[in-house]
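Undergrad: give me a model of this one.
(chains A, B and C)
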Amino acid sequence: MKPRRWPLYTVLAFGYAFLYVPVLLLIVYSFNESRLVTVWTGFSTKWYGELLRNQQLLDAAWLSIRIAATNATFAVVLGTLAANALVRHGRFRGRGGFELLLTAPLVMPDVIIGLSLLLLFVAMQQTIGWPDGRGFTTITIAHLTFSMAYVAVVVRARLAQMDRSLEEAAMDLGARPLTVYLRITLPLIAPALLSGWLLAFTLSLDDLVIASFVSGPGSTTLPMVVYSSVRMGVSPQINALATLIVLFVTVAVIVVTLALRGGGGGRAR
Amino acid sequence: MAAPVPNRPVRDRRLSRIVNVGLPYLWLGLFFLLPLGIVLRISLAEPALAQPPYTALWEWLESGMVTIQLNFGNFMLVWADDLYLVAFLNSLRVALVCTLLCLLLGYPMAYAIATAPERWRLLLLMLIVLPFWTSFLIRVYAWIGILKANGFLNNFLLWLGVIDEPLAILHTQVAVYIGVVYSYLPFMILPLYANLTRLDRSLLEAAADLGCRPWRAFLRVTLPLSRAGIIAGSMLVFIPVVGEFVIPDLLGGPRTLMVGGMLWTEFFSNKDWPLAAALAMVLLGLLVVPFVLMQRWQQRAEARGS
Amino acid sequence: MASAIDRRSLEPWQDPQAEPYVRIERVTKKFGDIYAVDDVSLAIFQGEFFSLLGGSGCGKSTLLRLLAGLESPSAGRIHIDGVDVTDIPPYHRPVNMMFQSYALFPHMNVEQNVEFGLKQERMPRRERAERVAEMLDLLKITELRQRQPDQLSGGQRQRAALARSLAKHPKLLLLDEPLGALDKRLREHTQFELVNLQERIGTTFITVTHDQEEAMTMSTRIAVMDAGQIIQVDTPTGIYEYPNSRFVAEFIGSVNLFEGKVMRRDGDEVLVESPLGRSLQMHCPHPLALGTPVAVAVRPEKIKLCMDFRADAVNQIAGVVEDIAYLGDVSIYHVRVGPEKIVTMTLANIQPRTEQALTWGQEVAMEWSPTSGVVLTD
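TA: Numbers count the residues shown, from 1 in each chain, chains lettered A, B, ... in the order given. Have a look, this model is predicted:
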């Protein structure tokens, strides 16, 4: 006797509708002519034009992208090192604390991370004179702290399922450990590095709370601009921005998924 | 006794360990652990009209003595003032209710995806993950347009004739619930899915073979075996939601104050850094237990997986 | 005389003067509290096809990994071709290994896989290309050289892995369950190919296997392992015909064990008193004290049907056929000879089955000669 599946699929359909209808409405009404976002008056792309002329928003977007890219690059390095430590170095002393420190940023409320890092930066500036002022550097450091934890999760999963004997075979054939890592391990975990990079990039691009704490005058990120605009009420420009972001992300996720499926060799059998 | 001279592979391995363990450890110690220590220190200071706006914890006297001033006033205030207590209780309630709602909606979804035909699974899963990649802020913003007095939902219901005048949903607790469940649902579904796909389907067949009806088989076999996924998902939702700021700030109203917003106000508007730090410490204290719970289950699941 | 010299060069382990090529000296490997390899010593000679045989967890793979340098011993030394390699890392050892999973690099094609080891030793490009071509030709996979590993069949993968591990002309080739991933048909065929290849190139092979048939077919000598220790080292014939313990006798093929006590010695023969009520007379070259508890081990195919049964004759036993398993070439008979004892006997099916003499419930008498079994004390 097979259980009926339609109740399950009903819930599933409701869930997807719940997740997607708001986003679809956002996109549809970004092409609305009216300033009143919820009343349809006619098709127009004028909000996209206004968006592209909004210099404050463009500056913020550029800063956010620079921070996100820098953050993602360093997060991949640090996160991969941490994943190596967990998968390849077995039971080192202090492993428990290491894992704790690596999991905590995943769930720690943003307000705590933001506040604590700001207080650190203030204290550091007082004692060693660095960082001098807050902006790009402090935001990047703050983002790195939690994004590396996410990267570590992604890379760790990939490393753990990699066939260990591939590395041993390379070593047996005369490759020294560093060569083994560069020629065998890295190419095989490359898909995870790529998705880790993108994850860190989006997390950074998306962060409002932490950036608000550790940014200084003159360094306003995109979420901060969006936030202050949203607090004023709905704005068709934000709809247009949302549409662009959704478009970009959808394309990126599809490309990465296909890349992961296509080039994904070396999976554990 | 002289230590043996390490040979090359041992040295290589030691170097690799220093880099792989040492660097991330150092970074997290410096930029995660140390800052929490500083928060603790400043929560024990007093606000001051200075730059930065708090008093020093200790002072060097001319005689070479050190005086340490611990000020527990901030914690007393947090405990004594109803405003803060209400905010904490409200935060915990929102987190609890939303975790349950996420579980209620997320479990059947995760189960449906995990048991769907193989060729659909990747697509279904991707559709869960996709919103997670788009801007969190903008997705919360979308709900303002839906929930406000002349928003989509009210217009739709008026058009249907279900209601005669717009419902006030925006700036209420309900709006916060909707926003939180919407934003955190993927965090519940993903660990549940990971857990449920690993479940051996033949266990259910064995249960059915032994005369167990599907619903009972679910309750007696599937549910207990997916406990690790339930706990992981619940903690991934519960812990960050307790400290959530953006959702209650945008969708909630004056009566839905949560700790995150409180801390934000104390810090940015009232410039009372020590009080904000004290709030952060109390919040952190509240989250230690669920965090340790999550960590233990994760390690147990890993130990079993290997 | 000439034949003696021949025999010595073919079987160097018979020659006390011969220098072993691989010398494992009292090697121990502990993982935590568990002894994976426990005080093992072994001498392997140049050109041998040596097999480590045992069940899972007996330490055979660990011993192989110790030779490759992928594990380092907790105690003991390993010498290869006169050089102490104990502290030499895997990437500097003149040893290569073929992994059970083959471990072909999935992001490189066959040619690049084979070339990998040569690149590591910085062999000049021209020479490298020649060597790769030679290896691909040796394993008959030249036309597969552009393929990625996931485009190869199981047998092709095995050849590619073999080519890769032989490319550097190692002094020693280690093979971890070389045929384990192949299906049964291909396995039998590949066994002979592997032996032919080894004879052609002359490299010393050490393989690990849990399959006794495989070890018997391919090896010059076999080491049977259990619980981290080596129980017996001998040629396939030696292991099969003259097992040194109950463990080896039961591990290789099937065997009938008759427990008993030494009753009398008479030159090279002993008389064993067995609880079956018959005494068994066996050839036994080593001295045994009277009363020693022993087991007489007789292989099922060494047992013959007895034509003239006498109640007092030695090595004769009567019973009732209980089970018959017809395997085509042979049939296996389970004959009950006592309330607690069943003897297994294998008879070749010379006649078609319908004309076979034995059937269920039939009373039979069996016998074997004193030299077709051994007396075991361990």
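Undergrad: what residue ranges in chain B score low on pLDDT?
TA: Scanning chain B for pLDDT under 70 picks out the ranges B:1-9, B:49-50, B:56-69, B:304-306.
Undergrad: strands of that one, residue ranges please.
TA: Residue ranges of the strands in chain B, as given by DSSP state E, are B:58-60, B:66-68.
Undergrad: count of neighbours near the nearest residue to C:Ile201 once chain neighbours are set aside?
TA: The spatial neighbour of C:Ile201 that comes closest, neighbours along the chain excluded (C-beta to C-beta, 6 or more residues apart in numbering or on different chains), is C:Leu166 at 7.1 Å. From N, CA and C alone the C-beta is placed, and that goes for glycine too. Other residues near C:Leu166 come to 22 when the count uses other C-beta atoms under 10 Å in any protein chain shown.
Undergrad: contact partners for C:Leu166?
TA: C:96, C:135, C:138, C:173, C:201, C:203 (C-beta atoms under 8 Å, 6 or more residues apart in numbering or on different chains).
Undergrad: report pLDDT for the third one.
TA: What the model reports as pLDDT for C:Leu138 is 93.
Undergrad: the residue lying closest to it once chain neighbours are set aside in helix, strand or coil?
TA: Distance criterion C-beta to C-beta, 6+ apart; nearest residue to C:Leu138, sequence neighbours excluded, is C:Ala163 at 6.9 Å. What DSSP: H, G, I helix; E, B strand; the rest coil gives for C:Ala163 is helix.
Undergrad: if we only consider the contacts of C:Leu166, which is nearest to A:Pro223?
TA: Among the contacts of C:Leu166, C:Asn96 lies closest to A:Pro223 (C-beta to C-beta), at 55.5 Å.
Undergrad: who touches that closest one in this structure?
TA: A:172-173, C:68, C:117, C:165-166, C:168, C:170, C:172-174.
Undergrad: wait, is it part of a strand?
TA: Yes: according to three-state DSSP, the state of C:Asn96 is that of a strand.
Undergrad: what's the burial count for the residue in chain C that chain B sits nearest to?
TA: Taking C-beta to the nearest C-beta, chain B has its nearest neighbour within chain C at C:Pro89, 4.2 Å off. For C:Pro89, the count of nearby residues is 19 (other C-beta under 10 Å).
Undergrad: just the pLDDT at it, thanks.
TA: Reported pLDDT for C:Pro89: 91.
Undergrad: how about the one 3 residues further on?
TA: Per-residue confidence at C:His92 stands at 92 (pLDDT).
Undergrad: mind checking how far it is from C:Ser72?
TA: 13 Å (C-beta to C-beta, to the nearest Å).
Undergrad: higher neighbour count, those two?
TA: Remark: of C:His92 and C:Ser72, C:Ser72 carries more neighbours, 17 against 14, as counted by other C-beta under 10 Å.
Undergrad: surely that one touches C:Leu66?
TA: Yes: look at C:Ser72 against C:Leu66 with C-beta atoms under 8 Å: they come within range, at 7.4 Å.
Undergrad: show me what contacts the residue of the stretch 101-250 of chain B found nearest chain A?
TA: Nearest residue of the stretch 101-250 of chain B to chain A (C-beta to the nearest C-beta) works out as B:Gly243 at 2.2 Å. Counting by C-beta under 8 Å, 6+ apart, B:Gly243 touches A:108-112, B:91, B:259-260, B:283, B:287.
Undergrad: likewise for B:Leu101?
TA: B:177, B:181.
Undergrad: could you check how far the residue nearest the centre of chain C is from C:Ile24?
TA: In chain C, the residue lying closest to the centroid (C-alpha atoms, centre = their mean) is C:Ala215, at 3.4 Å. According to C-beta to C-beta, C:Ala215 and C:Ile24 sit 18 Å apart.
Undergrad: the top helix by length along chain A close to chain C?
TA: For chain A, the helix with the greatest residue count under DSSP state H is helix A:55-88. No: using C-beta under 8 Å from any C-beta of the partner chain, helix A:55-88 stays clear of chain C, with a minimum separation of 14.2 Å.
Undergrad: quick one: average pLDDT of that helix?
TA: The model assigns helix A:55-88 a mean pLDDT of 95.
Undergrad: among the contacts of B:Gly243, which are in helices?
TA: Those of the contacts of B:Gly243 lying in helices (DSSP H): A:110-112, B:91, B:259-260, B:283, B:287.
Undergrad: for chain C, see how far away the residue of the stretch 51-200 of chain A found nearest chain B is.
TA: Taking C-beta to the nearest C-beta as the measure, the stretch 51-200 of chain A has A:Pro109 as its residue closest to chain B, at 2.2 Å. Per C-beta to the nearest C-beta, to the nearest Å, A:Pro109 is found 41 Å from chain C.
Undergrad: same question, A:Gly49
TA: The value you get for A:Gly49 to chain C, if C-beta to the nearest C-beta is used, is 46 Å.
Undergrad: up against chain B, what does chain C have?
TA: C:72, C:87, C:89.
Undergrad: secondary structure and distance to B:Pro52 for the residues you listed - can I get that in TSV?
TA: Listed next are these as TSV, based on DSSP: H, G, I helix; E, B strand; the rest coil; distance: C-beta to C-beta, whole Å:
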residue	secondary structure	distance to B:Pro52
C:Ser72	coil	55
C:Asp87	coil	57
C:Pro89	coil	54
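Undergrad: return the member of the residues you listed nearest to A:Leu24.
TA: So of the residues of chain C next to chain B, ranked by how close each gets to A:Leu24 (C-beta to C-beta), first place is C:Pro89, at 59.0 Å.
Undergrad: B:Ile178: what's it in contact with?
TA: B:Ile178 neighbours (C-beta under 8 Å, 6+ apart): B:143, B:147, B:169, B:251.
Undergrad: keep only those of those residues that are also close to chain A.
TA: Checking the contacts of B:Ile178 against chain A (C-beta under 8 Å from any C-beta), the matches are B:Trp143.
Undergrad: among the contacts of B:Ile178, who's most crowded?
TA: That'd be B:Leu251 among the contacts of B:Ile178, by other C-beta under 10 Å, with 27 neighbours.
Undergrad: surely that one meets B:Ala142?
TA: No: look at B:Leu251 against B:Ala142 with C-beta under 8 Å: they stay out of range, at 10.6 Å.
Undergrad: can you list the weak-confidence ranges in the stretch 1-150 of chain C?
TA: Flagging of the stretch 1-150 of chain C using pLDDT under 70 yields the residue ranges C:1-9.
Undergrad: which SS class is the residue in it that chain A sits nearest to?
TA: Proximity of the stretch 1-150 of chain C to chain A (C-beta to the nearest C-beta) peaks at C:Pro106, 3.0 Å away. Secondary structure, three-state DSSP: C:Pro106 is coil.
Undergrad: and the one residue sitting closest to the centre of chain B, what does it touch?
TA: For chain B, B:Pro240 is the residue whose C-alpha lies nearest the centre (C-alpha atoms, centre = their mean; 1.8 Å). Each residue near B:Pro240 by C-beta under 8 Å, 6+ apart is listed here: A:107-110, B:184.
Undergrad: tell me the phi and psi of C:Ser56?
TA: phi -70, psi 140 (degrees, to the nearest 10).
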